[in-house]
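> only geometry, no sequence info:
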DNA sequence: GTATAATTTGACCGACCGGTCATCTTGTAC
DNA sequence: GTACAAGATGACCGGTCGGTCAAATTATAC
């Protein structure tokens, strides 16, 4: 069972890297199998289809993310606004490291997949949407605390949290198009300037 | 010659719609030809390759954009901040109309292509980057005017302009992932809250 | 040791991909 | 009307795609 788990894990990790570095459509099962040192038949023993692989990759990445530097960035020991800066920094260093390795900025796997296949596959779209919602919730919590602390003036924390996530994704998109991680560092910190006021309740 | 131009234009328009609504990789030459009522050989009479078609589509869309509602939005008769709101509105109505037609929010063609193929094709990446630079220049000009007018406090207009473009792209990305154009309307106006201060010149 | 299930192997499939090409038709110029 | 080029036709190509499968191998349970 441990060997099997290893094979599945190897497929997953390989697919994740390839999808992230290129795109879903551009990476074939054959290539994944070759790099993961797995036969095609074995692949289909673990994954019913390429689609299912994609969903497993999304889940896997979301997990790593949530327990990795996102957990660090949103550490409650940090002040809310520090968390935002930490998050931006983490994205910057990650993208820079990836570029040094591969020569290209891969951007955000979720953003990439969202724009590539969310118009074609409702299930994957919903999955990616859920990932974004979870990410947005982190921002939301930080903002709630920041308002409580008096670090920032009261605002619509929920809408602003989503706006901040959108901004971060947009910055990564632009940085990827420039193939320059520095864009993240120069534009990223402005995430703290984004404000959506409370809706009027008249 | 006018007939030929029409054929080429028909290919271009069809490809643009299909690439926008789905993705570059997902749309085949054959499908484009069928919808455009053109034979495959004719296609290759006008376009050397699918890649070249993609570049022509980018140029064509950028042109339409620049002379279409972007020109309207950034009309100098409007106050700078009004231009931003106009731009957001235009995106909202466009996406909403597209969703009503096709059932799905297509998002921004440039953003879509950037995330899908900019890691694979340096020339296309550069082309898309140029489009973004032009868009950013529009924001830049508006911000310059706004600062002159005293509509907003002085800031790093160039960096902020790019940040605003990033935000807009991010908002569209999130809206597409939710398949809900209303996201553009609810988050979009916050574009005016983004600020990047002048770098310290000590 | 034997039965059973999990895993691996690699040949194989039809469909479709981007792209080619010889041939035919149409428009243009004189 | 004749010559020439631009455009249209559709059969065709090798390669790759996601996916299948029967048979062989390995691990597990008793």
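Sure thing, it's come through. None of these values were measured; they are calculated from a predicted model.
> what's near enough to touch the closest residue to residue A:179 other than its chain neighbours?
Spatial nearest neighbour of residue A:179, excluding adjacent residues (Cβ to Cβ, 6 or more residues apart in numbering or on different chains): residue A:105 at 5.3 Å. Every residue, glycine included, has its C-beta placed from N, CA and C. Counting by Cβ atoms under 8 Å, 6 or more residues apart in numbering or on different chains, residue A:105 touches A:95, A:98, A:99, A:175, A:176, A:179, A:180, A:181, B:119.
> ok, of those residues, which come out buried?
A:95, A:98, A:99, A:175, A:176, A:179, A:180, A:181, B:119 (16 or more other Cβ atoms under 10 Å in any protein chain shown).
> of these, closest to DNA strand C?
Of all the buried ones among the contacts of residue A:105, DNA strand C sits closest to residue B:119, with 17.9 Å by Cβ to the nearest atom of the strand.
> distance check, the closest one against chain A.
To chain A, residue B:119 is 5 Å away according to Cβ to the nearest Cβ, to the nearest Å.
> so that residue touches residue A:20, yeah?
No - at 9.3 Å, residue B:119 and residue A:20 do not qualify as touching, with contact defined as Cβ atoms under 8 Å.
> now do the shared contacts for the two.
Common neighbours of residue B:119 and residue A:20, counting by Cβ under 8 Å, 6+ apart, are residue A:106.
> any stretches of chain A with poor pLDDT?
Counting by pLDDT under 70, chain A shows low-confidence ranges at A:1-5, A:201-202.
> where along it do the helices fall?
A:2-21, A:29-36, A:40-46, A:50-67, A:69-73, A:80-102, A:109-117, A:122-149, A:157-178, A:182-187 (DSSP state H).
> the first one versus helix A:29-36: what angle between them?
If I follow you right, that is helix A:2-21. 120 degrees (axes from the mean of the first three to the mean of the last three Cα atoms, to 10 degrees).
> what do you get for the longest one?
Orientation of helix A:122-149 against helix A:29-36 (the same axes, to 10 degrees) gives an angle of 60 degrees.
> give the buried residues for helix A:122-149.
A:124-125, A:127-129, A:131-132, A:135-136, A:138-143, A:145-147.
> go on, the fourth one?
Buried positions in helix A:50-67, judged by neighbour count with 16+ other Cβ under 10 Å: A:50, A:53, A:54, A:55, A:56, A:57, A:58, A:61, A:62, A:65.
> list the residues that contact the fourth one.
Just to be clear, that refers to residue A:55. Taking Cβ under 8 Å, 6+ apart, one finds A:123, A:124, A:127 in contact with residue A:55.
> nearest to DNA strand C among the residues you listed?
So of the contacts of residue A:55, ranked by how close each gets to DNA strand C (Cβ to the nearest atom of the strand), first place is residue A:124, at 19.6 Å.
> for the spatially closest residue to that closest one that is not a sequence neighbour, what are its contacts?
In this structure, residue A:124 finds its nearest non-sequential neighbour in residue A:117, 5.6 Å apart by Cβ to Cβ, 6+ apart. Listed by Cβ under 8 Å, 6+ apart, the contact partners of residue A:117 are A:24, A:25, A:54, A:124, A:125, B:23.
> and residue A:117, how far from residue A:19?
Taking Cβ to Cβ, to the nearest Å as the measure, residue A:117 falls 10 Å from residue A:19.
> quick one on the thing from earlier: now for the buried residues of helix A:50-67: which two are most distant?
A:50 and A:65 (22.1 Å; Cβ to Cβ).
> any idea how many residues pack against the closest residue to residue A:159 other than its chain neighbours?
If the residues on either side of it in the chain are set aside, residue A:159 comes closest to residue A:196, at 4.2 Å by Cβ to Cβ, 6+ apart. By other Cβ atoms under 10 Å in any protein chain shown, 20 other residues sit near residue A:196.
> got it, and residue A:150?
By other Cβ under 10 Å, the burial measure for residue A:150, its neighbour count, is 8.
> for chain B, what's its nearest residue on chain A.
residue A:170 (2.6 Å; Cβ to the nearest Cβ).
> who are the neighbours in contact with the residue in chain A positioned nearest to DNA strand C?
In chain A, the residue that lies nearest DNA strand C is residue A:41 (1.8 Å; Cβ to the nearest atom of the strand). Residues near residue A:41 by Cβ under 8 Å, 6+ apart: none.
> one step back: give the residues shared as contacts by residue A:117 and residue A:19.
residue A:54.
> coming back round to it: any chance of the contacts of residue A:117 in JSON lines, with distance to residue B:164 too?
Putting the contacts of residue A:117 into JSON lines (distance: Cβ to Cβ, whole Å) gives the following:
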{"residue": "A:24", "distance to residue B:164": "30"}
{"residue": "A:25", "distance to residue B:164": "31"}
{"residue": "A:54", "distance to residue B:164": "32"}
{"residue": "A:124", "distance to residue B:164": "30"}
{"residue": "A:125", "distance to residue B:164": "27"}
{"residue": "B:23", "distance to residue B:164": "26"}
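> what's the most distant pair in those?
A:25 and A:125 (15.5 Å).
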